[in-house]
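Q: Show me the folded form of this:
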Amino acid sequence: MTAVHDSEQAPNILATIAAGRILPVVVLNDAKDAAPLASALTAGGLRSAEVTFRTDAAADAIRVMSENPELLVGAGTVLTPAQVDRAVEAGARFVVSPGFSPAVVRHCQELGIPVFPGVSSATEIQMALDAGLETVKFFPAEQLGGVAMIKALAAPFRSVRFIPTGGVNTRNLPDYLAVPAVLAVGGTWMVAPDLLAAGKWDEVTSLTAAAVAAARPTPEA
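A: Reported below is the predicted structural model:
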């Protein structure tokens, strides 16, 4: 597969994710829900989303959601170079993986598509830096020590920005976003599977809007 993205777009993609400060992590079982979900997220004020390859509907969902001009759509839970190809062909603008896979990272770089590999240790962060990457997913965040662990890892790796995912919710969201090294957080509460299955798009929009408001930086006095 030939390169289909210009790697110079990476700063713009990072800026879009950072501006929202929240990256919804979506699991869709039926691609028919993709269009209303995209509309619900943008109506709530978010401009980016990660659609995970945890279901067979992922590629079709990415394809449909990518048709929404207001939404930057990426692929998550990408485990293999073949899934990278499927994601990019469907329109994914960035790739997220739960761990650090040299093969996945290398293939994304060959295609010129931003990739945010998962890390859980200093060793994996150094692997990411060796690969030329400075933005990583910290997963599973709460189980690995949460905010305290991110602060500890950020100290020696001052250039690295984290997207903590796993166990992030409305209660601990402010704590994560208060850490300067956190670019954005990955969350599922506004796209919970039961809401999507029931087609409760208004509730998705409401929860998204509330999350965006909670994530908005507080003006300094």
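
Q: what are the ranges of the strands in the protein?
A: Assigned by DSSP state E, the chain shows strands spanning 22-26, 48-52, 72-76, 95-96, 115-116, 118-119, 135-138, 161-164, 185-187.

Q: Run the angle between the longest helix seen in the chain and strand 22-26 for me.
A: Criterion DSSP state H: the longest helix present in the chain is helix 201-215. Between helix 201-215 and strand 22-26, the angle comes out at 150 degrees (axes from the mean of the first three to the mean of the last three Cα atoms, to 10 degrees).

Q: So for helix 201-215, what gets flagged as buried?
A: By 16 or more other Cβ atoms under 10 Å, the buried positions in helix 201-215 come out as 201, 204-205, 207-209, 211-212, 215. Placement of C-beta: from N, CA and C, glycine included.

Q: ok, which pair from those residues is furthest apart?
A: Spatial extent of the buried residues of helix 201-215 (Cβ to Cβ) is set by the pair 201 and 215 at 20.7 Å.

Q: list the contacts for the nearest residue to residue 202 once chain neighbours are set aside?
A: Once flanking residues are discounted, residue 202 sits nearest to residue 40: 7.6 Å by Cβ to Cβ, 6 or more residues apart in numbering. Applying Cβ atoms under 8 Å, 6 or more residues apart in numbering to residue 40 gives the contacts 201-202, 204-205, 208.

Q: Many thanks, we can stop here.
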